[in-house]
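Asker: Sequence plus predicted model, see below.
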Amino acid sequence: DGDCANFNTKYPSCNGEDLAGLHNVEKELGNGNCNMDFAIEDCEYDGGDCCPYDIHKNVIFGDGKCDGGKYNTEGCLYDFGDCDS
């Protein structure tokens, strides 16, 4: 039905053993609900559901300095690790 092809085109790196057990990946990614299984860079943080595009595409995201607010959330991986310490 083309769902897999569309998904693979939009998220070419969103794959691997960690996601192998998930079902309906095409319907779950970017559906408006944060699924922490997809909250990784390769899946664009669940298609922007866990960490909005305006944050994870921003140059200050993961730049070595902890930025608060929405950057410092589980879905944004605590500013991509900048806020871990």
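Answerer: Yep, it's here. Residues are numbered from 1 along each chain as shown.

Asker: what about residue 54, how many residues close to it?
Answerer: Using other CB atoms under 10 Å, the number of residues around residue 54 comes to 10. For glycine as for every other residue, the C-beta is placed from the backbone atoms N, C-alpha and C.

Asker: Phi first, then psi, for it.
Answerer: phi -70, psi -20 (degrees, to the nearest 10).

Asker: Look up the closest residue to residue 53, ignoring the ones flanking it.
Answerer: Ranked by CB to CB, 6 or more residues apart in numbering and with sequence neighbours excluded, the top spatial neighbour of residue 53 is residue 44, at 7.5 Å.

Asker: Test my guess that the one you found contacts residue 56.
Answerer: Yes - under the criterion of CB atoms under 8 Å, residue 44 makes contact with residue 56 at 7.2 Å.

Asker: wait, isn't residue 81 in contact with residue 64?
Answerer: No - here residue 81 does not reach residue 64: they are 9.1 Å apart, not a contact under CB under 8 Å.

Asker: And the helices in the protein, which stretches?
Answerer: In the chain, the segments counted as helices under DSSP state H are 3-10, 25-28, 44-47, 53-56, 77-80.

Asker: Switch those over to TSV; also include mean pLDDT and distance to residue 69.
Answerer: Output for the helices of the chain, formatted as TSV (pLDDT from 0 to 100; distance: least, CB to CB, whole Å):
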stretch	mean pLDDT	distance to residue 69
helix 3-10	77	28
helix 25-28	80	26
helix 44-47	91	16
helix 53-56	93	9
helix 77-80	95	10
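
Asker: Contact partners for the residue most central in space within the chain?
Answerer: Closest to where the C-alpha atoms of the chain average out (CA atoms, centre = their mean) is residue 45, at 0.8 Å. Neighbouring residues of residue 45 by CB atoms under 8 Å, 6 or more residues apart in numbering: 38-39, 51, 56, 75-77.
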